[in-house]
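> Let's see this in three dimensions:
(one chain, ligands or ions: 2)
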Amino acid sequence: MKKALITGITGQDGSYLAEYLVQLGYEVFGIVRRQSVAENQSSRIHEINDQVTTYYGDLIDETSLYKIIRRVQPDEIYNLAAMSHVRVSFDVPSFTIKTNALGVLNMLEAYREVTPEAKFYQASSSEMFGNSVDNDGCQRLTTNMSPVSPYGCSKVMAYNLVCHYRNAYKLHACNGILFNHESPRRGTNFVTNKVVKGAVEIKKGLREKLELGNLDSSRDWGHSYDYVRSMHLILNHTEPRDWTVATGETRTVRQLCDYVFKSLGLNYRDYVVQNKRYMRPEELNYLKGDSLEIREKLGWKPRYNFEMMIDEMISIWQDRL
Ligand code: NAP
Ligand code: F7E
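Residues are numbered from 1 along each chain as shown. Ligands and ions are numbered 1, 2, ... in the order given. Presented below is the predicted three-dimensional model:
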């Protein structure tokens, strides 16, 4: 039985990945942070709580990482833990860099010291590209990285550390550069789930308006379930290397609002108002990923399209509220 260790197991991706690896027959371990509301610690993994083993740890506490890796002796390490909210990273830049960059260094050091024969996946992000776009309108592995947020900067450092450790110490360490991916488990302060939840609340008469920031930025949105499958494919390819994972379809936030409100029989223009509070000091305007390589070489293919994903989110919020 292969052993997988997931940091960030309580997050959106960590919870889907844990379920997927359990289904594949892995023994799954996870690192969780202590939270003052204990229920929040495992709210996304409560359905598989008895099938995974979790330990308290933190990416910025090196000793906890060494102890856990030594105890688990994992075959595969998925490093998904991060301060993952781009706008919030402007408010807490130091914490963001500590967790997302130094935290990755801590993970890499513990990994190379304790289980260098294991495989290591790093959750890299399309936010690293900033506003760089190739001539054909896409971003890919070779696209210049010029991040526009503390979050993006932290992820570029982590990305480079993973490449460096792979080359210097001959480790099976890989970056998956994933474009935006969403699900009903997405935090409700990310734009997709915020819009879906807000629109369903308006439809049910629970609120009157929805405040958003920039409606004109574009994102390449896929489903988290599809993207965690790519993580497993990436680590189990014979050659350790980096990949981009994306749907290749891009939409504006305005188009997202239009689709969600229309699905509920509403016109978003009657309800959505802009509030500067949700704007960013510097915005990433446009993302559209080229994922041809992972589709051709590893056979990855998303099962959800944009409409299926949003419909699933709407239906879950209609039940929840
Ligand atoms: P998420 O829902 O915010 O989950 C982040 C996880 O990291 C949570 O389990 C969180 O724990 C944990 N965490 C945060 N700081 C930590 C620390 N200092 N030590 C240990 N654990 C810590 O994010 P996600 O959407 O699942 O994303 C997973 C990873 O992929 C992240 O690295 C993110 O940056 C990256 N990524 C995401 C996307 C996307 O569109 N979703 C795209 C590209 C890359 P708590 O539950 O205690 O907060
Ligand atoms: O913003 C705009 C906002 O916060 C998307 C993370 O998973 O993907 C994610 O980062 C767009 C931006 O995601 C609101 O300005 C408008 O242009 O949902 P988001 P993100 O910043 O793209 C990358 C790939 C990651 O790696 C990150 O971890 O929507 N927007 N109004 C808004 N965004 C938010 N959050 N809230 C608004 O009210």
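> Identify the residues contacting stretch 56-64?
Residues from elsewhere that reach stretch 56-64, judged by Cβ atoms under 8 Å, 6 or more residues apart in numbering: 7, 31-34, 55, 65, 67-68, 81, 98-99, 102-104, 106-107, 109-110. Yep, even glycine has a C-beta here, placed from its N, CA and C like the rest.
> Kindly report the same for stretch 24-38.
1-10, 14, 18, 21-22, 41-42, 45, 48, 51-58, 64-65, 68, 72, 74, 76, 81, 232.
> How about stretch 147-167?
Stretch 147-167 is contacted by residues 82-87, 89-90, 93, 96-97, 99-101, 104-105, 108, 112, 120, 122, 124-125, 127-131, 145, 171-175, 177, 240, 242, 280, 282-284 when judged by Cβ under 8 Å, 6+ apart.
> Show only the entries of those residues found in helices.
Of these, the ones assigned to helices by DSSP state H are 86, 87, 89, 90, 93, 96, 97, 104, 105, 108, 112.
> For the stretch 201-321 of the chain, which segments count as helices?
224-236, 253-263, 292-298, 306-320 (DSSP state H, counting those that start in this stretch).
> So which of those is the most surrounded?
Highest mean neighbour count among those (mean count of other Cβ atoms under 10 Å): helix 224-236, with a mean of 22.
> Quick one, grab the pLDDT at the closest residue to residue 90 other than its chain neighbours.
Closest residue to residue 90 in three dimensions, ignoring its sequence neighbours and counting by Cβ to Cβ, 6 or more residues apart in numbering: residue 281, at 5.6 Å. On the pLDDT scale, residue 281 is placed at 98.
> that older thread, and the helices of the stretch 201-321 of the chain as TSV, adding distance to residue 153?
Shown next, in TSV, are those (distance: least, Cβ to Cβ, whole Å):
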stretch	distance to residue 153
helix 224-236	22
helix 253-263	23
helix 292-298	25
helix 306-320	29
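> between the ones you listed, which gets nearest to ligand 1?
Ligand 1 lies closest to helix 224-236 among the helices of the stretch 201-321 of the chain, at 6.4 Å (Cβ to the nearest ligand atom).
> relative to helix 306-320, how tilted is the closest one?
120 degrees (axes from the mean of the first three to the mean of the last three Cα atoms, to 10 degrees).
> and helix 224-236, what does it pack onto?
If you count contacts as 3 or more Cβ pairs under 8 Å, 6 or more residues apart in numbering; DSSP states H and E, helix 224-236 packs onto helix 12-23, strand 76-79, strand 119-125, strand 172-178, strand 181-182, strand 243-245, helix 292-298.
> In a markdown table, list the ones you listed along with distance to residue 157 and mean pLDDT.
Below are those laid out as a markdown table (distance: least, Cβ to Cβ, whole Å; pLDDT from 0 to 100):
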| stretch | distance to residue 157 | mean pLDDT |
| --- | --- | --- |
| helix 12-23 | 20 | 98 |
| strand 76-79 | 14 | 99 |
| strand 119-125 | 11 | 99 |
| strand 172-178 | 12 | 99 |
| strand 181-182 | 22 | 98 |
| strand 243-245 | 19 | 98 |
| helix 292-298 | 24 | 98 |
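> Thank you kindly, that will do.
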